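[1] Sharing a model prediction with you, sequence too.
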Amino acid sequence: MITLDQAIGDALGAPVINRIAIGGGDINQAARVHLADRRVAFVKHHPDAPPGAFTAEARGLSWLAEAHAVRIPAVLAVRDEPPAFLALEWIEPGVPAPDYSERLGRGLAALHAAGAAHVGPPDAPPDVAALTWPEFYAQERLLPEIRAARSDGLLPAPVAAALERVCDRIAELCGPSEPTARLHGDLWAGNAIVDAEGGPCLVDPHAYGGDREVDLAMMRLFGGFDRDCYAAYAQAWPLAPGAVDRVALYQLYPLLRHLRLFGSAYLGSLVMAVQRYESVDSP
């Protein structure tokens, strides 16, 4: 088997001179890679990456970039067989410009408004693409995570039952129908970085078509975005009535994911979110 550096060099057309490990997420490893032709690349890699994972991320990045709404790093190369990696344009970090937050809010609204042909990933199979947004959110997002968390012993039965009742009521809870938005899909503050010109750049997406309130709810889950960002978004594309009442609804999925990935520290937040819509019975 070839080494990671050999695979990167072959894919990028120049030998790797230096690879420096940097922070890049909780699951994958990341590096700043210097090539013999003086180019610099960001490389995400993992020795046991799930088959197709990096290709799916590359496809999502390219799909988001097609909107020409907010900066997205260009995909340079991707390899899913071992050693698997995703090589991206290096975004030199900078200091936020005075209008950084407004640019982020307007850019996100433009990204969402670019739309999607259907719910789900760009290459979703026909049966998934044919779902309505509420159906997709329940069947393809919430229910698989509920079942997996129960199987892992992380989700108490009363909480799972309350979440399943939410899924039963999902068409009612999701509110007014809107055009399918082009979503980043994992928009916490660490995935919105500042480039050398002080502008916003979105990284590490889980891109798919869905309700735009999903990204906005994720932004509010862990904080890190200021009121100017939300105000600029709302000015560019006002939110539908009742959006504030759906924030916790769209936080259920990331909280379930975090429960499975990082453990029971997220159970309390999950219970608080589901109790906005359904009572959680005592065990």
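    Done, it's in.
[2] Looking at per-residue confidence, what score does the closest residue to Asp152 other than its chain neighbours get?
    Once flanking residues are discounted, Asp152 sits nearest to Arg260: 6.3 Å by Cβ to Cβ, 6 or more residues apart in numbering. Just so you know, the C-beta spots here come from the backbone N, C-alpha and C atoms, and that holds for glycine as well. At Arg260, the model reports a pLDDT of 96.
[3] packing partners for the helix or strand hosting Arg260?
    Taking DSSP states H and E as the definition, Arg260 sits inside helix 247-262. Identification of packing neighbours for helix 247-262 by 3 or more Cβ pairs under 8 Å, 6 or more residues apart in numbering; DSSP states H and E yields helix 143-151, helix 157-168, helix 213-222, helix 267-274.
[4] Just give me the neighbour total for the residue nearest to Asp152.
    The number of residues packed near Arg260 is 16, by other Cβ atoms under 10 Å.
[5] same question, the one 3 residues further on
    Under the neighbour criterion other Cβ under 10 Å, Gly263 is assigned a count of 11.
[6] Settle this for me: it is touching Gly153, isn't it.
    No. Gly263 is beyond contact range of Gly153, at 10.9 Å (criterion: Cβ atoms under 8 Å).
[7] coming back round to it: so how far is Met1 from the residue nearest to Asp152?
    31 Å (Cβ to Cβ, to the nearest Å).
[8] And for Pro134?
    For Pro134, the distance to Met1 - Cβ to Cβ - is 46 Å.
[9] Could I get the buried residue list for stretch 239-254?
    By 16 or more other Cβ atoms under 10 Å, the buried positions in stretch 239-254 come out as Ala243, Arg246, Val247, Ala248, Leu249, Tyr250, Gln251, Leu252, Tyr253, Pro254.
[10] Quick check: end-to-end length of it?
    21 Å (Cα to Cα, to the nearest Å).
[11] Quick one: mean pLDDT for it?
    pLDDT averaged over stretch 239-254 gives 98.
[12] Mind listing residues that contact that stretch?
    Contacts with stretch 239-254, where a contact means Cβ atoms under 8 Å, 6 or more residues apart in numbering, come from 137, 141-142, 145, 163, 166, 173-176, 178, 186, 211, 213-214, 216-218, 220-221, 270, 272-274, 276-277.
[13] Going through the residues you listed, which ones are buried?
    Buried among these (16+ other Cβ under 10 Å): 137, 141-142, 145, 163, 166, 173-175, 186, 211, 213-214, 216-218, 220-221, 270, 273-274, 277.
[14] Are we agreed that Val43 is in a strand?
    Yes. Secondary structure of Val43 (DSSP: H, G, I helix; E, B strand; the rest coil): part of a strand.
[15] mind listing what it touches?
    Ile8, Arg19, Ala30, Ala31, Arg32, Val33, Phe85, Leu86, Ala87, Leu88.
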